[in-house]
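Participant: all I have is the shape, not the residue letters:
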């Protein structure tokens, strides 16, 4: 099975992304600009509300200098989504 096939439906490992952002002194708008997304869209991916596309994972990997396989949680390890705030 190819890496891309394994990553289909995967969600971002937000903890890894946030640690990398701190280490590289990056802000949400920096990721948004690199991914050509809004800050709201990046937030939705980090919070697991929206799955990350493979091309987005690849770009994040490049920006954060972390292998794609480390950035993504395989579908079977994806935690359940948190209920919406009341």
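Facilitator: Thanks, I have it. What you see is a predicted model, and the numbers here were worked out from it, not measured in a lab.

Participant: pLDDT score for the spatially most central residue of the chain?
Facilitator: Nearest to the geometric centre of the chain sits residue 12, at 3.4 Å (CA atoms, centre = their mean). pLDDT, residue 12: 86.

Participant: so who does it touch?
Facilitator: By CB atoms under 8 Å, 6 or more residues apart in numbering, the residues touching residue 12 are 45-46, 48, 52, 57, 60, 71-73. C-beta: built from backbone N, CA, C; applies to glycine.

Participant: I figured residue 66 was touching residue 19, is that so?
Facilitator: No - the pair residue 66 / residue 19 is not scored as a contact, 9.3 Å apart, by CB atoms under 8 Å.

Participant: so for these two, which residue has more residues nearby?
Facilitator: Set residue 66 next to residue 19 and count neighbours by other CB atoms under 10 Å: residue 66 wins out with 18 against 13.

Participant: follow-up on the earlier one: which residues pair with the residue nearest to the centre of the chain across the strands?
Facilitator: residue 72 (DSSP bridges).

Participant: what about it, distance to residue 44?
Facilitator: Counting by CB to CB, to the nearest Å, the gap from residue 12 to residue 44 is 10 Å.

Participant: perfect, that will be all.
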